[in-house]
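*Asks:* Here you go, sequence then predicted model.
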Amino acid sequence: MDREKAKEYLKSMLPRYLKTRGILTGGYFNCLNPAHRDSRPMMSFNPKDNTVHCFGCGATYDIFGVLGITCGLSTYAEQFSRACELFLPEEAIQPPQIRTSGIRQVGSRAQPEKAVDYSAYLRECAARVRDTEYFRDIGLSQDIIQKYNLGMDPEFKGANGDTFPAVIIPHGIYGFLAINLEEPEDSAFRLYYGRDSLFNPLIPPDADRLFITFTELEALALLEVKAPVIALGNSANIGELITVMSQLPLNRTCYLVDSGDPDWRGLAEIIRSELTSLGIRCETLSLSYPWQNVAEYLTRDREDFEQRLRNLDRIIHASGKRLPEILRFSAVTDDESFMEPSFLPGIYAICASPGIRRRLIASWVLRADPESMHYIYVSGERDWMLLGQHIYEGSQIVNEKYSLQFPKIELAMTGDISSPGDAALEITNLILARRIKNETENTVLINADRHGNADARWHWYLSLLNELSKRLSALELAVVVFFRKSECELASEVGNQVFRITSVLDCDTAPGSDEEADTMAATILTRENSGEPVSFEIRLE
């Protein structure tokens with residue numbers, strides 16, 4: 001291959017090279033220009049000419065320019081030679097002369113030809129760690145700071161010669177991460193130097209689970225709460241990670257911690273596929289939900305973070321009771337569902353008879369898309385059986401298998417739970433079981449027509465809703481509470497909106513009469529927080 005053909009081929013390798021560095025070319029990413037401190041991603045890949053262009057500073061680079069930045073190569077000859085070494089190894093090209101003018105002259109990641117021992121520099125930085133509050137502000141204890149030799153350099157010098165304070169996170173003695181304290185949240189100002197390597201690759205052999213994070217800060221947050229963890233740090237370390245994992249016992253579960261970064265999600269899928277092929281159980285979890293990442297979770301609510309990790313197995317495997325098997329069916333009483341299940345987050349109260357309540361819920365379930373909606377029903381065994389009968393009959397009408405409704409709804413309480421706090425915990429676990437596994441949205445349906453007289457029920461369900469509000473305030477959840485049709489006053493104390501359903505055949509003193517009717521007209525009164533009630537007709541066939 002002549003030089004010009006080699007040049008064109010090497011230019012076409014830019015997307016592949018960017019991918020190895022954790023940069024996906026399908027959207028915008030942080031500018032590679034060291035002189036441009038972008039506050040948001042503004043660079044994108046142009047497949048027409050195989051270049052990257054920043055719409056903020058105007059910088060444009062091909063594969064050779066990118067290698068010049070990432071490998072610290074100042075001449076085109078060095079950049080071309082490095083590209084041939086990476087993508088045309090059969091060519092007799094002189095090895096690149098990577099600039100190694102000192103530990104403070106770093107680019108995004110410089111790779112020395114020989115490993116350099118930075119232990120003396122890292123000790124100096126560790127001795128100055130008390131000069132910054134950064135690590136303590138993000139929730140790390142002095143034990144973790146000392147154990148992982150975290151440090152601080154008040155005059156760290158970047159590749160373009162600018163000086164800034166930086167905290168230092170070692171990767172052993174042959175490499176480290178420097179975070180610019182002037183821009184700590186900007187990934188473009190997190191500079192690696194030295195040999196690519198995993199962060200904290202030594203895992204206790206008896207650990208029954210292992211977390212894998214993208215960044216070192218997320219790993220440190222998990223180490224703070226005594227969770228075994230490895231940080232990838234860079235996409236170039238995937239091979240090393242797979243090698244390390246292949247040498248560990250298989251009797252453990254590996255959790256890839258989703259931080260919301262789309263680039264990490266792509267890498268996590270590659271890792272999950274590789275680990276699964278090795279026979280390692282592997283799941284991707286939004287462990288920090290509703291916070292952005294586990295480092296933020298640690299600073300926002302450390303106690304809740306620790307409790308979630310302690311109860312993680314219980315949360316992940318939480319499941320309610322499936323709809324009961326129906327051994328017989330009776331005459332069809334519903335024609336079609338009469339209301340879309342489209343509640344916005346908030347607490348809603350509905351006053352209706354037991355029969356109408358079950359028909360309403362059945363209609364929601366039959367219309368729900370199992371990929372986007374899931375109901376958690378809080379009620380008793382008898383009511384659950386009757387609801388199952390309604391759903392079974394409705395599924396016959398729409399020619400769907402009854403078993404197809406199973407993923408759409410589950411019972412949260414299979415028996416009487418005396419404590420509202422215990423009930424709230426069970427409901428929360430069912431919700432988190434789906435949310436942290438990136439599954440469907442949830443709506444909680446509560447049958448408040450239980451637990452004794454009106455005063456006793458009012459106290460019990462008010463306590464339950466208070467507990468749910470404390471646990472789920474950040475989850476933007478819809479909760480629908482069903483009261484008896486005569487209890488609109490109680491309902492108005494609970495719901496953001498109150499609905500009352502009445503019918504000429506709807507009577508609490510004659511249970512079952514509304515279930516036997518072929519057709520009935522009902523009126524729903526929707527009482528907003530202000531203004532006059534609104535009414536409209538619905539029909540249940």
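*Replies:* Here it is on my side, so go on. Numbers count the residues shown, from 1 in each chain.
*Asks:* switch to C-alpha atoms for all contacts and neighbour counts from now on
*Replies:* Noted.
*Asks:* domains of this structure?
*Replies:* 3-99, 119-194, 209-310, 346-540 (automatic domain parsing).
*Asks:* just so I know, which of these lies nearest N200?
*Replies:* domain 209-310 (5.4 Å; CA to CA).
*Asks:* So which of the domains of the chain is nearest A318?
*Replies:* Closest approach to A318 among the domains of the chain (CA to CA): domain 346-540, 5.5 Å.
*Asks:* any chance of the domains of the chain in a markdown table, with mean pLDDT and mean neighbour count too?
*Replies:* Converted to a markdown table, these look like this (pLDDT from 0 to 100; neighbours: other CA atoms under 10 Å):
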| stretch | mean pLDDT | mean neighbour count |
| --- | --- | --- |
| domain 3-99 | 79 | 17 |
| domain 119-194 | 87 | 18 |
| domain 209-310 | 88 | 18 |
| domain 346-540 | 74 | 18 |
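*Asks:* Need those domains in TSV (columns: distance to S319).
*Replies:* Shown next, in TSV, are these (distance: least, CA to CA, whole Å):
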stretch	distance to S319
domain 3-99	36
domain 119-194	33
domain 209-310	17
domain 346-540	6
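*Asks:* For the nearest residue in space to E124 that is not next to it in sequence, give the beta-bridge partners.
*Replies:* Spatial nearest neighbour of E124, chain neighbours left out: G151 (7.8 Å); criterion: CA to CA, 6 or more residues apart in numbering. G151 has the following beta-bridge partners by DSSP bridges: I168.
*Asks:* Contacts only, for G151.
*Replies:* Shown in contact with G151 (CA atoms under 8 Å, 6 or more residues apart in numbering): L122, R123, E124, C125, A126, A127, R128, V129, I145, V167, I168, I169.
*Asks:* now with 7 Å?
*Replies:* Neighbouring residues of G151 by CA atoms under 7 Å, 6 or more residues apart in numbering: L122, C125, A126, A127, R128, V129, V167, I168, I169.
*Asks:* Which one of the domains of the chain lies nearest to I316?
*Replies:* domain 346-540 (4.6 Å).
*Asks:* mind checking how far that closest one is from the chain centre?
*Replies:* Centre-to-centre, domain 346-540 and its host chain are 28 Å apart (CA atoms, centre = their mean, to the nearest Å).
*Asks:* Stretch 57-75 now?
*Replies:* The answer for stretch 57-75 is 34 Å, by CA atoms, centre = their mean.
*Asks:* Any chance of the backbone angles for A423?
*Replies:* Phi and psi for A423, reported as degrees, to the nearest 10, are phi -60, psi -40.
*Asks:* Now do it against P407, distance only.
*Replies:* 21 Å (CA to CA, to the nearest Å).
*Asks:* Quick one, which of the domains of the chain gets closest to R322.
*Replies:* domain 346-540 (5.4 Å).
*Asks:* what residues are up against Y255?
*Replies:* Per CA under 7 Å, 6+ apart, neighbours of Y255: L210, F211, I212, C282, E283, T284, L285.
*Asks:* helix, strand or coil for the fifth one?
*Replies:* Okay, so that is E283. For E283, the secondary-structure state derived from DSSP: H, G, I helix; E, B strand; the rest coil is strand.
*Asks:* Can you tell me which of the contacts of G151 is nearest I179?
*Replies:* Once CA to CA is applied, the member of the contacts of G151 that ends up nearest I179 is V167, at 5.4 Å.
*Asks:* Setting aside sequence neighbours, what's the nearest residue to the closest one?
*Replies:* Per CA to CA, 6+ apart, closest to V167 is M152, 4.3 Å.
*Asks:* Then L464?
*Replies:* P420 is the one closest to L464 (CA to CA, 6+ apart), at 4.7 Å.
*Asks:* which ones are touching that neighbour?
*Replies:* W460, S463, L464.
*Asks:* Swap in 10 Å and give it another go.
*Replies:* Applying CA atoms under 10 Å, 6 or more residues apart in numbering to P420 gives the contacts E426, H459, W460, Y461, L462, S463, L464, L465, N466, E467, L468.
*Asks:* now, the most widely separated pair of those?
*Replies:* E426 and H459 (19.0 Å).
*Asks:* tell me the contacts of G266?
*Replies:* So G266 contacts K19, G22, I23, L24 (CA under 10 Å, 6+ apart).
*Asks:* quick one: which of these is nearest to F199?
*Replies:* Nearest to F199 among the contacts of G266: G22, at 16.1 Å, using CA to CA.
*Asks:* I427 versus the closest one, what's the distance?
*Replies:* Counting by CA to CA - G22 and I427 are separated by 38 Å.
*Asks:* same thing with F64?
*Replies:* F64 sits at a distance of 56 Å from I427 (criterion: CA to CA).
*Asks:* After the helix or strand containing V244, which helix or strand is next?
*Replies:* Assigned by DSSP states H and E, V244 belongs to helix 238-246. Going down the chain from helix 238-246, the next helix or strand is strand 253-257, by DSSP H and E.
*Asks:* angle of that following strand against strand 281-285?
*Replies:* Per axes from the mean of the first three to the mean of the last three CA atoms, to 10 degrees, the angle that strand 253-257 makes with strand 281-285 is 30 degrees.
*Asks:* Tell me the strands beside strand 253-257, with direction?
*Replies:* In the sheet, strand 253-257 lines up against strand 209-213 (parallel), strand 281-285 (parallel) (DSSP bridges).
*Asks:* Dead centre of the protein: give me the residue that sits there.
*Replies:* Centroid-nearest residue in the chain: S286, 2.8 Å away (criterion: CA atoms, centre = their mean).
*Asks:* ok, it touching V294?
*Replies:* Yes - counting by CA atoms under 10 Å, S286 touches V294, with 9.1 Å between them.
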